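A.B. asks: Dropping a prediction and its sequence here:
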Amino acid sequence: WLPCLRAAIGPGPHLAPRNCPMYAPSVRWLLALAPLIAVVSIACASTASAPTPPPAQTLPTINLRVVQAPRSEQVTVQVASTEPQRETGLMWVQSMPEDAGMLFVFPAQTSAGFWMKNTYIPLDIAYISADGEILSVVHGVPLDTTVLDAPGPYRYALEMNAGWFARNGFGKGATVSFPKKLPPAT
């Protein structure tokens, strides 16, 4: 077999004797493709363990106004008001328009932190009091599982593209104007 194998895949013309099983062209092709098959198999095995995104959420969309004198900007946000919506948030999202984001509405004051697990875009998270005042803005790094704590209890969180608050001159003390009718938090 070894002389047949050398002749079938070695350099130069393939001169294996006709009675050698390696002489068959289909076997030579299989041997030639073996490294490629191995690489593809390894790649498929490594992606098989990657998390699978859930189906895309369909969430209500509203306009908010963020104000810190003399600046004022309107943004369009999706509203995550149920526990499953808040748990998923912007996970799996690959891009987002500059003036878009997500508003997290909680049924009561909370101190829960956020993390960036399965979140592929860098975000800034503004923790907002029940009366609409921004308490702090923290930066989230894609795929990082470090908990991003709020400075204290808050009622809302607003996620925007990283740097949006700073580029627009907003920080602690800015206010967010909510529409009169937000989806109820559950």
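C.D. replies: Received, thanks.
A.B. asks: residue contacts, Val105?
C.D. replies: Contacts for Val105 (CB atoms under 8 Å, 6 or more residues apart in numbering) come out as 79-81, 155-156, 182-183, 185. Placement of C-beta: from N, CA and C, glycine included.
A.B. asks: tell me the SS of it?
C.D. replies: Under the three-state scheme (DSSP: H, G, I helix; E, B strand; the rest coil), Val105 adopts strand.
A.B. asks: okay, it: pLDDT?
C.D. replies: For Val105, the model assigns a pLDDT of 98.
A.B. asks: start at 33 instead
C.D. replies: New numbering, starting at 33: the last item is Val137.
A.B. asks: Which parts of the chain are helices?
C.D. replies: Counting by DSSP state H, the chain has helices at residues 34-41, 57-80, 115-120, 196-199.
A.B. asks: Mind giving me the PyMOL select for the contacts of Val137, buried ones only?
C.D. replies: Entered in PyMOL, the line below selects the buried ones among the contacts of Val137, by 16 or more other CB atoms under 10 Å:
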select buried, resi 111+112+113+187+188+217
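A.B. asks: Which of the contacts of Val137 fall in strands?
C.D. replies: 111-112, 187-188 (DSSP state E).
A.B. asks: Just put the residues you listed in CSV and tack on pLDDT.
C.D. replies: Below are those laid out as CSV (pLDDT from 0 to 100):
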residue, pLDDT
Val111, 98
Ala112, 98
Arg187, 98
Tyr188, 98
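A.B. asks: could I get those residues as CSV with distance to Ile157?
C.D. replies: What follows is these, written out as CSV (distance: CB to CB, whole Å):
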residue, distance to Ile157
Val111, 15
Ala112, 12
Arg187, 14
Tyr188, 11
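A.B. asks: Just give me the closest of those to Glu130.
C.D. replies: Glu130 lies nearest to Val111 out of the ones in strands among the contacts of Val137, by CB to CB, at 19.0 Å.
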